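Trainee: I'll drop the sequence and a predicted model, then ask my questions.
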Amino acid sequence: MPRLPKEKAEKFRKGELKLAEAFGVNAKQLAALLKAGHALYAQGRLEDALNVFEGLAVLDGRNPYIHGILGSIYQKQEKYDEAVARYSMALKLFPRDVNSLTNRGEVYLTQGKFQESAADFKAAIELDPTGKRPAANRARMLVTLTQQALKLAKEKGVEAFVKGKK
């Protein structure tokens, strides 16, 4: 890997410069990589997409979209801790990211972390009070389904819930 000049290395260390900028990767090239990575993701080529987006995360680590897609890849691979970490990074960079809130809430639900899941779903729904965003509507649906499942478990016992889950 080529070495950065001291001035660029210092700016990168301070967070004033993206690694992509330091190495002369321009916005058009980053966009092409994003497009290629997304195409791989859409084709279900998750390992290939993961490689592209992990590289993009190094080049442009402040891009919440990159972290959100990485979260989605890890979620599909059932690597839930990694998915939560990436969704959390996306949300740190862009707290109003309804997709990452809903997806992280779904992972938390899968992990049985109901309070965390509910908090993410609530935040996603509050960011879309008119119901125009598909991710927020998915959060609404997941809240309803979770409430129904918990009601069934309470009324008929956990065994009924488990059988209903299958």
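Mentor: Right, received. Where do you want to start? Numbering: from 1, shown residues only.
Trainee: so, low pLDDT: which residues of the chain?
Mentor: 1-2, 4-5, 8-9, 11-13, 16-23, 158, 160-166 (pLDDT under 70).
Trainee: could you rerun that using 80?
Mentor: 1-25, 153, 157-166 (pLDDT under 80).
Trainee: and the helices in it, which stretches?
Mentor: With DSSP state H, the ranges of helices along the chain come out as 6-13, 19-22, 27-42, 46-59, 64-76, 80-93, 98-110, 114-126, 134-156, 158-165.
Trainee: contacts only, for the closest residue to E54 other than its chain neighbours.
Mentor: Setting aside the residues directly before and after it, E54 is nearest to L70 in space (CB to CB, 6 or more residues apart in numbering), at 7.0 Å. For the C-beta atoms, the positions are set from N, CA and C on the backbone; glycine is no exception. Residues in contact with L70 (CB atoms under 8 Å, 6 or more residues apart in numbering) are L50, F53, E54, A57, E82, R86.
Trainee: tally of neighbours for the second one?
Mentor: F53 has 27 neighbouring residues, counting by other CB atoms under 10 Å.
Trainee: again with the first one
Mentor: L50 is flanked by 20 other residues according to other CB under 10 Å.
Trainee: residue contacts, the spatially closest residue to it that is not a sequence neighbour?
Mentor: Counting by CB to CB, 6+ apart, I73 is the residue found nearest to L50 once chain neighbours are left out, at 5.1 Å. The neighbourhood of I73, defined by CB under 8 Å, 6+ apart, consists of Y41, L46, A49, L50, F53.
Trainee: rebuild those as JSON lines, extending it with distance to D97.
Mentor: Formatted as JSON lines, these follow (distance: CB to CB, whole Å):
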{"residue": "Y41", "distance to D97": "17"}
{"residue": "L46", "distance to D97": "21"}
{"residue": "A49", "distance to D97": "19"}
{"residue": "L50", "distance to D97": "20"}
{"residue": "F53", "distance to D97": "16"}
